[in-house]
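Chemist: Next input, structure requested:
(chains A and B)
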2 protein chains.
Amino acid sequence: MSTFRHFEDFTVGETIDLGSTTVTREEVLSFAREFDPQPFHLDDEAGRASVLGGLAASGWHTCSMLMRLLCDNLLLASSCNGSPGVEEVRWMRPVFPGDRLSATAEVQAARPLRSRPGLGMVTLVATVRNQDGLPVMTSRNAILFAKKDIAA
Amino acid sequence: MSTFRHFEDFTVGETIDLGSTTVTREEVLSFAREFDPQPFHLDDEAGRASVLGGLAASGWHTCSMLMRLLCDNLLLASSCNGSPGVEEVRWMRPVFPGDRLSATAEVQAARPLRSRPGLGMVTLVATVRNQDGLPVMTSRNAILFAKKDIAA
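Modeler: Predicted structure coming up:
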């Protein structure tokens, strides 16, 4: 992140680099134990026998890892005011321990909110790719940002 | 959960009880530190100053807690074969430490997959409510289940 971003600083069509992270086996197991204890997220044998082809991260873990990249590379240096929800998540390929994930977000839309004049809504389409450049997940997510004059 | 479910055991229109869970402050902080370190998920003062009105759970944490309820009350006693993604998530109200969350899932659709004859796709619309009965989150999620004869 170079600079602090308000609503006005997003340009439709721009792509924002969200950096990268390495997925560790311990993190995959820890998330699965707490939130998604299906056998193919916890056990090598069960993973190999499943559609995933091997022990793989919960899809919600991948969402959460993307959220961390979004925080570190955009939201924590912004006027982010939360999000009303997610329009779509697609889990396209399994995420395996040891994978190196890189993410980008394209600004698909940016519009002022009529109901709350100090805020604008930015729609980001994020893509998470593995070390082979293959997309493992995409999401479309509307995020609220304060406008410059209001935040000042 | 009364019985093990295969694809054929889902009926469009039925509502499945997913049980309930209590949100602890430590879990809210722990999830936020790892995946969503925005101030309003980590600090009381920042929470009060935000649109959330108080320190509140990351929306992705609420998704993950719903996933755990879904595992414990449905998926772990089923022929679940994973999910291609999420069609929609709406975060409608903040989730605060101490909240008691209850979830249900309505079966919105169930159709055999042409591309993979052993599997069927079930679309669940989940609603998470707090102790006041107010919805805090809804999601629409397609999940794959093996058919009875294939699993046998």
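
Chemist: So which other helices or strands are in contact with the lengthiest helix in chain A?
Modeler: Taking DSSP state H as the criterion, chain A has its longest helix at helix A:59-73. The helices and strands touching helix A:59-73, judged by 3 or more C-beta pairs under 8 Å, 6 or more residues apart in numbering or on different chains; DSSP states H and E, are strand A:15-22, helix A:25-35, strand A:85-91, strand A:100-112, strand A:119-129, strand A:135-146, helix B:25-35, helix B:59-73. Quick note: C-beta positions are derived from backbone N, CA and C, even for glycine.

Chemist: do the third one and chain B meet?
Modeler: Yes - residues of strand A:85-91 contacting chain B under C-beta under 8 Å from any C-beta of the partner chain: A:G85, A:V86, A:E87, A:E88, A:V89, A:R90, A:W91.

Chemist: picking that back up, highest mean neighbour count out of the helices and strands packed on helix A:59-73?
Modeler: Comparing those by mean neighbour count (mean count of other C-beta atoms under 10 Å in any protein chain shown), helix B:59-73 ranks first with a mean of 23.

Chemist: and that one, how far out from the chain's middle?
Modeler: Its chain's C-alpha centre and that of helix B:59-73 lie 4 Å apart, by C-alpha atoms, centre = their mean, to the nearest Å.

Chemist: can you tell me which residues contact the residue nearest the centre of chain A?
Modeler: The residue lying closest to the centre of chain A (C-alpha atoms, centre = their mean) is A:L66, at 2.9 Å. Taking C-beta atoms under 8 Å, 6 or more residues apart in numbering or on different chains, we find A:L66 in contact with A:L18, A:L101, A:A103, A:A126, A:V128, A:M137, A:S139.

Chemist: Switch the residues you listed over to JSON lines; also include pLDDT.
Modeler: JSON lines is the format used below for these (pLDDT from 0 to 100):
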{"residue": "A:L18", "pLDDT": "98"}
{"residue": "A:L101", "pLDDT": "98"}
{"residue": "A:A103", "pLDDT": "98"}
{"residue": "A:A126", "pLDDT": "98"}
{"residue": "A:V128", "pLDDT": "98"}
{"residue": "A:M137", "pLDDT": "98"}
{"residue": "A:S139", "pLDDT": "98"}
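
Chemist: and those, which two are the farthest apart?
Modeler: A:L101 and A:S139 (13.1 Å; C-beta to C-beta).

Chemist: re the thing from before, any chance of the helices and strands packed on helix A:59-73 in CSV, plus distance to B:R111?
Modeler: Shown next, in CSV, are the helices and strands packed on helix A:59-73 (distance: least, C-beta to C-beta, whole Å):
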stretch, distance to B:R111
strand A:15-22, 35
helix A:25-35, 28
strand A:85-91, 18
strand A:100-112, 29
strand A:119-129, 27
strand A:135-146, 23
helix B:25-35, 33
helix B:59-73, 20
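
Chemist: A:Q38 and B:L74 touch, don't they?
Modeler: No - using C-beta atoms under 8 Å, A:Q38 is not in contact with B:L74; the gap is 11.1 Å.

Chemist: To B:R5, which of the helices and strands packed on helix A:59-73 lies closest?
Modeler: helix B:59-73 (11.0 Å).
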